[in-house]
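*Asks:* Need a 3D model of the following:
(chains A, B and C)
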Amino acid sequence: MQKTVSKSFFSRPTLEVAPELIGKIIEYGGCTGRIVEVEAYTDDPASHGYRRTERSAIMHDTYGHIYVYFIYGMYHCLNFTTDKDQVGAILVRAVEPLSGLQLMKKRRGIDSETKLCNGPGKLCQAFDININVNHSRVGEYLRLYHGRAEEILSSPRIGITKATDLHWRFFEKDSPFVSR
DNA sequence: TACTGGATTCACT
DNA sequence: GTGAATCCAGTAA
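*Replies:* Got it, this is the predicted structure:
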């Protein structure tokens, strides 16, 4: 595999880190996958970090850590905390499966490779990511590698859309593995 | 202590 | 396009 992503990678401003996460390789639960879509949350009303609570404190206090929360009574969402000076986190919205496909298919109960991880809840189900990894450091249980990020960044392959007034989605253009 | 609604997904129309 | 599934953090009282 490639070089491990260091903690200092996440120390920078959230909007700077987010597009660079595209192309990084996640390894967890016996599976690997390439990040193809993320959503950047900073100090805006749509973010958990807008108000400091027991749950969102990790967004204020850490960077390079994992923030997992449970939503709609059925799904988990995977975030990386960012920015040593500000509130911030980046939601991983979609991943391109690379290895452990059979395991993912079994966990998801489907056979389509493009639909395996094309949504925040779906990828957590495929990788078996749950509240147990919440608060752990990146690299502790869930590993992150640089993969081919540089090649992607140097090409016009990253799309940006405004999710709300104050946070953005970054995705790999033309990837069949992005959400929706 | 009780209530409300969500950074979602899927089946169904 | 609409609605159900299903839990718990956050908030109000």
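*Asks:* Go ahead and flag the most central residue of chain A.
*Replies:* Nearest to the mean C-alpha position of chain A, by Cα atoms, centre = their mean, lies A:Val92 at 2.3 Å.
*Asks:* Show me the shaky parts of chain A.
*Replies:* Counting by pLDDT under 70, the ranges of chain A that qualify are A:1, A:148-156.
*Asks:* Kindly report the residues of it close to DNA strand B.
*Replies:* Contact residues (Cβ under 7 Å from any atom of the strand) of chain A with DNA strand B: A:39, A:41, A:46-49, A:59, A:67, A:70-75, A:77, A:79, A:89, A:91, A:108, A:110, A:115, A:119-123, A:179. (C-beta placed from N, C-alpha, C; glycine too.)
*Asks:* Okay, strands next: where are they in chain A?
*Replies:* Assigned by DSSP state E, the strands in chain A fall at A:25-28, A:31-41, A:66-71, A:75-81, A:89-99, A:143-145, A:158-162, A:168-172.
*Asks:* Neighbours of the residue nearest to A:Lys3 when sequence neighbours are not counted, how many?
*Replies:* Counting by Cβ to Cβ, 6 or more residues apart in numbering, A:Lys3 lies nearest to A:His146, which is 4.8 Å off, once chain neighbours are set aside. Number of residues near A:His146 (other Cβ atoms under 10 Å) recorded here: 17.
*Asks:* Could you do A:Asp61 as well?
*Replies:* Residues near A:Asp61, counting by other Cβ under 10 Å: 11.
*Asks:* tell me the contacts of it?
*Replies:* By Cβ atoms under 8 Å, 6 or more residues apart in numbering, the contact set of A:Asp61 is empty.
*Asks:* Distance of it relative to A:Ser8?
*Replies:* The gap separating A:Asp61 from A:Ser8 is 17 Å, by Cβ to Cβ, to the nearest Å.
*Asks:* can you check A:Ser179 too?
*Replies:* Using Cβ to Cβ, A:Ser179 is found at 29 Å from A:Ser8.
*Asks:* Of these two, which one has the most company?
*Replies:* Counted by other Cβ under 10 Å, A:Ser179 and A:Ser8 do not tie: A:Ser179 has more neighbours, with 17 against 10.
*Asks:* Could you list the buried residues of stretch A:127-137?
*Replies:* When burial is assessed from 16 or more other Cβ atoms under 10 Å, stretch A:127-137 yields the following buried residues: A:127-129, A:133-134.
*Asks:* any idea how far A:Pro45 is from the residue nearest to A:Lys3?
*Replies:* 33 Å.
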